[in-house]
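A.B. asks: here is a sequence together with a model predicted from it:
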Amino acid sequence: MKEILDKEKVLADLKYWQVPGMAVSYVKVSPDKDGGYAPDSLAGGYEVRETSGKPVDENTRFCIASCSKAMTSAVIAMLVTEGKLNYDVPVKEYLPGFAMMDAEADEKMTLRDMLCHRTGLAPHDGTWAGVVTSEEYMKRFRYLAPCAPFRSKAIYNNCIYGLAGHVVEAATGLTLEEAFRKYLFRPLGMENSSCDTEKLRRSENHAEPYQVIDGRLTKLEIWNVDTVAGAASVNTTASDMVKWLAFLAAGGRTADGRQLIAPEVFREMTEKQIDYADFVGEEFYPLDGYAFGWQVGSYRGKKILRHTGKIEGYSTVQAFIPEEGIGAFLTVNLHSPTISVMFAALYSILDELMGCGGEVTWTEKFHGSEPPKPEDYDDQYIDIFEKRYPDAVETEWDKVGSLERYAGTYENPGYDKIEIRTEGGELTLTNRALTWKMKPYFGGLFKVIGLKEDTLTYVMPVSFIENEEGAVEGLMIPMEPLIPDLLFRKK
């Protein structure tokens with residue numbers, strides 16, 4: 001397939017947003033008389049995978065973050081096809097010992113509920129990334145509070161997709177990496193794909209993650225998200241994504257005609273299950289529902305399935321239009337903002353594949369000629385402290401009193417422990433092997449600066465609980481903003 005994107009415009013858009021590099025795949029599938037297909041496709045890259053100048057190509061690995069959910073859904077659909085799983089059986093039947101805090105969800109929650117985000121569970125993104133086994137992580141759910149009634153609305157949840165990955169492990173007797181290899185990567189010929197963060201790190205040809213911090217393009221550490229591997233850990237290449245897109249565009253069939261997902265199961269996997277509001281404006285074809293691992297809606301009058309992914313320095317979008325037999329994938333090694341650069345390229349590709357290219361200049365629709373403002377790069381920062389306590393007055397550490405009484409280990413059974421330490425006459429907070437500085441305020445308040453959860457960076461208030469003798473017994477922190485502050489008890 002010829003190159004669809006205007007390279008000059010792509011490079012200009014990458015420069016505009018300070019994006020180091022981008023990988024691209026697109027495909028159009030034409031079935032043959034034997035039930036297989038010969039995909040017409042292109043995979044390639046633009047600019048660099050790291051600022052030292054190494055180029056992005058079709059074999060450069062990127063983490064695709066939440067685009068992993070569609071692959072987890074596909075593996076589950078294969079297991080449903082084989083009769084090893086059922087969308088409507090209570091998940092407790094697959095996971096002995098599993099429990100939810102909400103009694104109705106505990107009794108009734110199924111894979112259908114999990115895959116379309118209607119469990120009612122609050123996001124609880126502060127429970128990962130940690131280093132616990134999937135079995136250990138499963139045991140946390142009984143301590144995680146809901147933020148909506150069961151099956152009442154879509155609450156996007158990475159934790160639940162991490163649990164879905166554990167259901168795959170229970171049904172197959174394999175690790176999730178082994179299951180993905182057996183059911184998806186090997187049958188499709190995706191030899192440079194995995195859901196193991198260490199394989200991404202060790203790859204000689206991988207894109208390094210970046211974020212614009214204080215106006216400067218800054219390299220980040222690759223975040224290990226294997227705790228919720230079913231939600232966010234797949235790393236892959238543009239070349240491998242051609243095979244994935246072709247498989248989807250062909251309705252769950254491989255190029256040689258093997259039907260890995262039964263047609264009726266594929267239809268169920270790609271049908272709207274629940275209303276789900278999109279984040280793009282009305283003029284950008286917003287979608288209105290969620291299927292299993294996909295947002296679903298309409299693009300130029302045709303059904304489209306689309307999903308984005310974002311994690312610590314990587315951003316991705318993938319989409320396919322079943323009726324047209326086409327699909328597209330774009331990924332960049334920049335944290336945010338990335339919707340403009342990715343969607344401008346995505347819609348340009350889809351338009352060309354649908355035969356209506358050139359009707360809209362999408363780059364101009366997504367942004368004007370003025371350069372981005374510094375605050376555009378802060379869209380992933382949330383200052384909870386300022387919202388709650390706008391008039392709080394900062395104090396000095398030497399006026400706080402003994403810092404040793406705060407130091408120690410604090411535990412909540414749903415989360416990794418919190419360590420409060422004294423360092424150089426100040427306090428720090430450590431959680432999930434990450435450490436952040438604290439600041440003291442009058443009235444016993446403390447501020448934690450830069451606490452990370454999923455794609456967001458928080459400034460959070462912390463307050464300590466004392467007994468009648470003045471000994472510190474616990475701390476309160478809004479690790480999950482959609483529910484009351486969480487209590488961590490001091491050991």
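C.D. replies: That came through, no problem.

A.B. asks: all contacts plus neighbour counts: C-alpha atoms, from now on.
C.D. replies: Fine.

A.B. asks: spatially central residue for this structure, please.
C.D. replies: Ser66 (3.2 Å; Cα atoms, centre = their mean).

A.B. asks: report pLDDT for that residue.
C.D. replies: pLDDT, Ser66: 98.

A.B. asks: grab the nearest non-local neighbour of it.
C.D. replies: Spatial nearest neighbour of Ser66, chain neighbours left out: Gly309 (4.1 Å); criterion: Cα to Cα, 6 or more residues apart in numbering.

A.B. asks: again with Pro372
C.D. replies: Nearest non-adjacent residue to Pro372, counting by Cα to Cα, 6+ apart: Trp17, 7.1 Å away.

A.B. asks: ok, now which ones touch the one you found?
C.D. replies: By Cα atoms under 8 Å, 6 or more residues apart in numbering, the contact list for Trp17 reads Pro337, Thr338, Val341, Pro372.

A.B. asks: return the subset of those lying in strands.
C.D. replies: The strands, defined by DSSP state E, take in nothing from these.

A.B. asks: re earlier: ok, then the element right after the helix or strand containing the residue nearest to Ser66?
C.D. replies: Taking DSSP states H and E as the definition, Gly309 sits inside strand 302-311. Per DSSP H and E, the first helix or strand lying C-terminal to strand 302-311 is strand 314-321.

A.B. asks: and the residue lying closest to Thr338 once chain neighbours are set aside, what's its pLDDT?
C.D. replies: With Cα to Cα, 6+ apart as the measure, Ser315 is the residue that lies nearest to Thr338, at 6.7 Å, once sequence neighbours are left out. pLDDT for Ser315: 98.

A.B. asks: residues in contact with the lowest-mean-pLDDT helix or strand in the chain: which ones?
C.D. replies: For the chain, scoring each helix and strand by mean pLDDT, DSSP states H and E identifies helix 362-366 as the least confident one, at a mean of 90. For helix 362-366, the surrounding residues in contact (Cα under 8 Å, 6+ apart) are Asp13, Ser340, Val341, Ala344, Ala345, Tyr347, Ser348.

A.B. asks: if we can go back for a sec, name the strands paired with the strand holding Gly309 and say parallel or antiparallel.
C.D. replies: Strand pairing for strand 302-311, determined by DSSP bridges: strand 295-299 (antiparallel), strand 314-321 (antiparallel).

A.B. asks: quick one, which of these is nearest to Ala407?
C.D. replies: Ranking those by proximity to Ala407 (Cα to Cα) places strand 314-321 first, at 35.2 Å.

A.B. asks: distance from that closest one to the middle of the chain?
C.D. replies: Remark: strand 314-321 is offset 12 Å from the chain centroid, using Cα atoms, centre = their mean, to the nearest Å.

A.B. asks: give me the residues contacting it.
C.D. replies: Here strand 314-321 makes contact (Cα under 8 Å, 6+ apart) with 62-65, 67, 209-210, 245, 248-249, 302-310, 326-336, 338, 342-343, 346.

A.B. asks: in ChimeraX, how would I select the buried members of those residues?
C.D. replies: Buried residues within those, by 16 or more other Cα atoms under 10 Å, are selected in ChimeraX with:
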select :62,63,64,65,67,209,210,245,248,249,303,304,305,306,307,308,309,310,326,327,328,329,330,331,332,333,334,335,336,338,342,343,346
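
A.B. asks: still on that earlier bit, hmm, who's touching the strand holding Gly309?
C.D. replies: 63-68, 223, 232, 270, 293-298, 315-323, 335, 454-455.

A.B. asks: show the average pLDDT along it.
C.D. replies: 97.

A.B. asks: C-alpha coordinates for it, CSV please?
C.D. replies: Written as CSV, here are the backbone C-alpha positions of strand 302-311 (Å, rounded to 0.1, in the frame of the first residue of the first chain):
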residue,chain,number,x,y,z
LYS,A,302,-20.1,3.5,9.4
LYS,A,303,-19.7,1.6,12.6
ILE,A,304,-16.3,2.1,14.1
LEU,A,305,-14.5,0.6,17.1
ARG,A,306,-11.8,2.7,18.6
HIS,A,307,-9.7,2.9,21.7
THR,A,308,-6.9,5.0,23.1
GLY,A,309,-4.1,4.2,25.4
LYS,A,310,-1.8,6.3,27.6
ILE,A,311,0.8,5.4,30.2
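
A.B. asks: which ones are touching the nearest residue to Ala65 once chain neighbours are set aside?
C.D. replies: Nearest residue to Ala65, sequence neighbours excluded (Cα to Cα, 6+ apart): Ala232, at 4.0 Å. For Ala232, the contact set (Cα under 8 Å, 6+ apart) comprises Ile64, Ala65, Ser66, Cys67, Ser68, Lys69, Asn158, Val225, Asp226, Gly309, Ile311.

A.B. asks: distance check, Leu5 against Trp362.
C.D. replies: Relative to Trp362, Leu5 is positioned 11 Å away (criterion: Cα to Cα, to the nearest Å).

A.B. asks: after the helix or strand where Arg421 lies comes which helix or strand?
C.D. replies: Secondary structure assignment for Arg421, by DSSP H and E: strand 418-423. Once strand 418-423 ends, the next helix or strand along the chain (criterion: DSSP H and E) is strand 426-431.
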